[in-house]
Structures are given as structure tokens and as C-alpha cells.
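S.K.: no sequence for this one, just the structure:
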């Protein structure tokens, strides 16, 4: 136990001081910061570039030509000017439209609205002219205001009081909620956690194998194995890298939450982050799945590191583990994406290779029963025990093997 | 105290890496483990240290099986292995702690050895910045930091300049004086001859010779006659059928089968008025015994 602790402390301190860790941490935090900053900029740009807020008091950044030669919508022009504050409306005749088209073609913040009347039905018809079909800012709000003006005109003709007309134009506030356990924020957060788990587990698993391969190829292993049992070295190393990975992961998540609140304060107030699954127990379970998932993949990866004699062979040795992890990730990812309650997702919850990827996402949405979690964790823990036992034996037998890379059949012999 | 290896055997498939090897040390000193490349020296050391299971045989220290837990042992492998990117002091303390020392004791021991090796300034320097010779000293400290009782040194002198070789020489003598049991593996026969009282010569896993070096050499008798380089000696030696094995600036080296050959030659030389300035009868060197034995085995 003392030797595991010694290896753990040395490996952890060594890894924290290493340039790759410092650089990767700084880069990841910068990426997170940049993502939120860019997201905030885009969000603000799109807010100002999409639907003009009819009631907002702001500068008139848009210009719209309004043509209603026959006066189909009484008070239409006045209501538009009153309701849509960011647009300067100019009344023109339909005959001037052709001339104004050249101005519209030059500026995507200028458009025209032509009101005509359907001869057959007598109903009004709106035609919008924009520079490009890609940007039709204002169409919805202008249509809404003019529709309202048209309805008000009819009601007024029918002798309805202005109070009733005002009530009829009321926009009823609305919101969307889910009857089930899923909501959009939980769904997105689930995907984010799934992807994050994959990269963290694979990255730190590979760090373990790389560390072992480096010690072996540099021959430090010869000094180490006479000092401590190989199994203690392996366990200490895996524990250290797992702790480091968890700490880095937590730092990134906390930093992302800080960035979210700093760069998107409006959104953090308005977005419904009612993740049904966020409870202390489920957070502990998510962390537990990370630890167990990391342990499983780190143990498999460690054998790959121990089988090579040259660091250049690492990628080839890691290929089977990479394949297994990528397939497991995609099974988890697509089954969650398709339907977190679907049969594939349910089965993936029990398979030790896929459960660390999919279970945290499902847990965040509470779409899983307690027995499922217990069975899933037990299966994962049991597989770790078996894989650890095999890995330790292979590791002990192969760390002092030099020469050609050990292949599967060689490892089978070592296990006998 | 006693270190006894008995009937140690290891097979890799059909290949016998070490075949029924036995030797012992009953008092502190340096034991020579000699062999060609692939003779089984490293496999032997790994089996003794318990990091490689043996097919049969035992390695006992005071009657108990050797293990990391039962005995403080040190091993300096032939292929040097230290963390190049880590600070010297930091990694040596780590190795000491892995061997059961407290951090404080390990630090004190590391500083003591760095002082002894005259490199205390390297404590906070990364190993990659050191010369090969100094890296070798760091490796030696990693072997000795925890004050082991049984020490295995694989080619300890390779890569050392004469000054550092002299320092290692004095350290080895100090270790023996402190009562350490040292097993030295080397290709440099002069080194083994200088330090080892007892030795074993391995070839392809088989023991060719085992025992006391003095006794082994004595058993061969005097096989060399060294005379001063006087050209008049050559025809006289030739007339007696004594073969010139080697000639250099220091003299002529003749192969003799017994002391009688030497007596006959000196008598004849004197009769012919040739008085050699140098006359020495010698036993074969370890290198010659080694080459002869390996040649016979093949």
C-alpha cells in the first residue's frame, strides 16, 4: 500500500509538472472560454439581426418602404411605425418600387412591403422584397403588425369597442414543458457529458500506456521492478492518472459554468437548465462512472504500453484499444442520440465497455431506474476486477520483455 | 551471513537460458558473474531477485528465499535507466522511498551519496543535462540509496573515465569493508580479476567454471613465460619447440606447457651467453581461461 502511495504521489506530481499537461490544460480552458465568448457574440449578433423586437425602444437600424396605394389596411403604416421601433418606415407608391429595388439590392438592412388586395376574396396580400432570401429580417413582425391592423379595422367596422379590439390583439404568453423526464437542456447536457467522458477516459488511458511504455523503453522499468512489485507500480500509476484526469475534467466543467454565467448572463437566467437528474447522488454516480470507466480502459491500455520495446510502436499497440473504445463510444452516442429510452441504449447501459459513456448522460436526465444503475455498476466493477487481474499478470510478464512487440498469441502464452 | 544459489534453472520454450546454476558467498566481498552475451547473466540476476520466476532451484539469503520484502538488495542494470526529464534528487528520493525509506532518510542518503560522488550540485538538475559518466553515478546511487545488503552490479565500469573508475573502485572497496555482498557482472576480465575472489563463468546458460579465482588459475599451472625483447632468444626457443605467442614493446610472451620448459629455455639461453633482462613465469589470465573455456564448450 505504501508503495502504491509512493508511485501515486510521484506520478501525479510528475504529470502535473509536465509540459503536455500544463499546455493541454491551458489550451482546453482557452477553448472553453473562446467557445462561450464566440457563442455570446454570435448570440448577440443574431439577436440584433433577426426579428426586430416590435416593442423595443432602440435606434432605427432598418429601413422599409411601405406601399399601400389602395389603403387596404387602414392605419397600417402608423401601426408599423408605432410598433416596430428599430425600423424606419417610408411610405411610397407601388410605382416607385422598381426604383427602390436598386437601393434594396445594395443594402441588406433595407426592404420593401407592398400591400395589395385579392380581387376575388377582398383579403389583403403582403409582398416583401429583400436583397437576398437569406435575410428576411422583419417579415414576421411586419406581417404580425399588419395582420393585427387588418383585424382591428374589421372589428372597428363592426362597431367593436377599442378596449375589446385591444384585448383581441393580446399575445398570450406561452411556454413548453415535458411530461416525461427528458427536456432539451438535459438532452444536450447528456451529449456533452458523453463526449467529454469519451475524450477524458481515452486521453488519460493513453497517458497511462504512454507513461509505461516510456519507462520501459528508457529502461527505468528495470530499476523500478526491483524496488516495487509491478502490480503496485501499475495501480499507483493508474490511480494518479485517474485523479489527474478527474481533476482536470472537473476544472473544465467548473470553468465552463463560470464562462456560461460570465458570457451569457441573459441566457443563464432564461435557459431552463432543469436537469432532472442533477442531484448529489447522480453527480456522485457520474464521477463513479468516470472513475470506473477510466480504470477499465486504463488497465487495458497499460498492457499495450507494456508490450512495446520502442515508443514508436505505441500507436500500433494501442490500435485494438482505440478501436474498442471508439466503437463503444459510438454505440453509446448514437443509441443515446436516437432514443435514451430505446432498447439499444438500455442494453448499452449494462455492457461494461459502453456503460461509462452512456450512463452519465442518461443519469443526468433521470431516465434510469435504481436497479439498472446497481446492475450496471456491478457488471462494470466485476469486469474491472477481471481485466485488472489479467492486465497485472500480462504487465508483470511483459515489462521486462525486450525485442519485438508482443502479439496476442505471445500474451496468451504469458498468461499460461 | 550467507548467500547461496542452488540449482537455478530457467527455460524459455526449448531454450535453456540458465541450466542448474549454483554458487555461494559466505562472507562479504565481490563475486564475479561472467559470460558472453546471452550467457544468462541477466536472467540469473532476475531470478535471484525474484522478478523472474525460476523453473527450479533456489536463491537464499541466510536460509530464506530472497524477495523485495525479505531483503534490501540493489541492482544496477547493464542498460542504464533513469528518468531523463526529472530532477536527479527528486527521482533518487523516489527510488529510496519505493524501497521503504522515509522521505527524510531518502533525502539524507541521496545528498550523502551525491557528496561522496562529488556531484552535489546536480541535486536539482534534470538527468538529461548530465554527462553519461555522471548519469552512471546517478544510477549507482539509485542502486545504493537504501543501503542494500546484497548488491548486483551489471557492467559497473562501462562508460566511466579513469578518474570516475578510480572513484568507483574506492566505493566498491568501502562497500566490502561495510560488509556488503556484491555480485558483479562484467565483460572486462581485468576488472573481474582485480575485484573478484570467486566467480562463475557462464556460456549459453551452462556453467563452464565455478569457484575461487586463485584456485582456478593455479589449476592451470604456469602457462606463460615472459622474456625481454631480445631477438637472439627466438631461435633458441624455437630449437626447444617453445612457441612465441605474442611480441610487444615490453617483451616476448612464450606459451609453455610446464615449468620444465621455462627451465630448459633459460639454461640454454645462459649457455649461449644470452642473459635476458626480464624473466617471468606466469599463470594464464582470466581472459585467456575464459576464451579457452568458451572455445572448448563450442
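M.R.: Yes, it's here. Nothing here was measured: the structure is a model prediction, and the numbers come from that model.
S.K.: alpha carbons only for contacts and neighbour counts from here, please
M.R.: OK.
S.K.: Please enumerate the strands of the stretch 1-150 of chain B.
M.R.: Using DSSP state E, counting those that start in this stretch, the strands of the stretch 1-150 of chain B run over B:3-12, B:15-25, B:29-35, B:56-61, B:64-65, B:73-76, B:150-154.
S.K.: got the ones you listed as JSON lines, with mean pLDDT columns?
M.R.: Listed next are the strands of the stretch 1-150 of chain B as JSON lines, based on pLDDT from 0 to 100:
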{"stretch": "strand B:3-12", "mean pLDDT": "91"}
{"stretch": "strand B:15-25", "mean pLDDT": "91"}
{"stretch": "strand B:29-35", "mean pLDDT": "91"}
{"stretch": "strand B:56-61", "mean pLDDT": "92"}
{"stretch": "strand B:64-65", "mean pLDDT": "89"}
{"stretch": "strand B:73-76", "mean pLDDT": "90"}
{"stretch": "strand B:150-154", "mean pLDDT": "92"}
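S.K.: What strand or helix carries the nearest residue to residue B:133 once chain neighbours are set aside?
M.R.: For residue B:133, ignoring the flanking residues on the chain, the nearest one in space by Cα to Cα, 6 or more residues apart in numbering or on different chains is residue B:160 at 5.3 Å. Element membership for residue B:160 (DSSP states H and E) is empty, with no helix or strand holding it.
S.K.: Enumerate every residue touching residue B:47.
M.R.: B:53, B:54 (Cα atoms under 8 Å, 6 or more residues apart in numbering or on different chains).
S.K.: tally of neighbours for the residue nearest to residue B:133?
M.R.: If you count neighbours by other Cα atoms under 10 Å in any protein chain shown, residue B:160 ends up with 17.
S.K.: per-residue pLDDT, the residue lying farthest from the centre of chain A?
M.R.: Centroid-distance maximum for chain A: residue A:159 at 54.8 Å, with Cα atoms, centre = their mean. What the model reports for residue A:159 is a pLDDT of 87.
S.K.: would a markdown table of the strands of the stretch 1-150 of chain B with mean neighbour count and distance to residue A:217 be doable?
M.R.: Shown next, in a markdown table, are the strands of the stretch 1-150 of chain B (neighbours: other Cα atoms under 10 Å in any protein chain shown; distance: least, Cα to Cα, whole Å):
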| stretch | mean neighbour count | distance to residue A:217 |
| --- | --- | --- |
| strand B:3-12 | 18 | 22 |
| strand B:15-25 | 19 | 23 |
| strand B:29-35 | 25 | 25 |
| strand B:56-61 | 19 | 29 |
| strand B:64-65 | 14 | 30 |
| strand B:73-76 | 25 | 16 |
| strand B:150-154 | 22 | 18 |
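S.K.: how about those strands in JSON lines, adding distance to residue A:312?
M.R.: JSON lines is the format used below for the strands of the stretch 1-150 of chain B (distance: least, Cα to Cα, whole Å):
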{"stretch": "strand B:3-12", "distance to residue A:312": "27"}
{"stretch": "strand B:15-25", "distance to residue A:312": "29"}
{"stretch": "strand B:29-35", "distance to residue A:312": "32"}
{"stretch": "strand B:56-61", "distance to residue A:312": "37"}
{"stretch": "strand B:64-65", "distance to residue A:312": "39"}
{"stretch": "strand B:73-76", "distance to residue A:312": "26"}
{"stretch": "strand B:150-154", "distance to residue A:312": "27"}
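S.K.: Residue A:170: which of these is closest?
M.R.: With Cα to Cα as the measure, strand B:73-76 is the member of those nearest residue A:170 (87.8 Å).
S.K.: buried sites along stretch B:124-135?
M.R.: Neighbour-count burial for stretch B:124-135 flags B:126, B:127, B:133, B:134, B:135 (criterion: 16 or more other Cα atoms under 10 Å in any protein chain shown).
S.K.: Compute the number of surrounding residues for residue 166.
M.R.: Picked chain A for this. Other residues within reach of residue A:166 by the criterion other Cα under 10 Å amount to 11.
S.K.: let's do chain B instead
M.R.: Residue B:166 has 13 nearby residues by other Cα under 10 Å.
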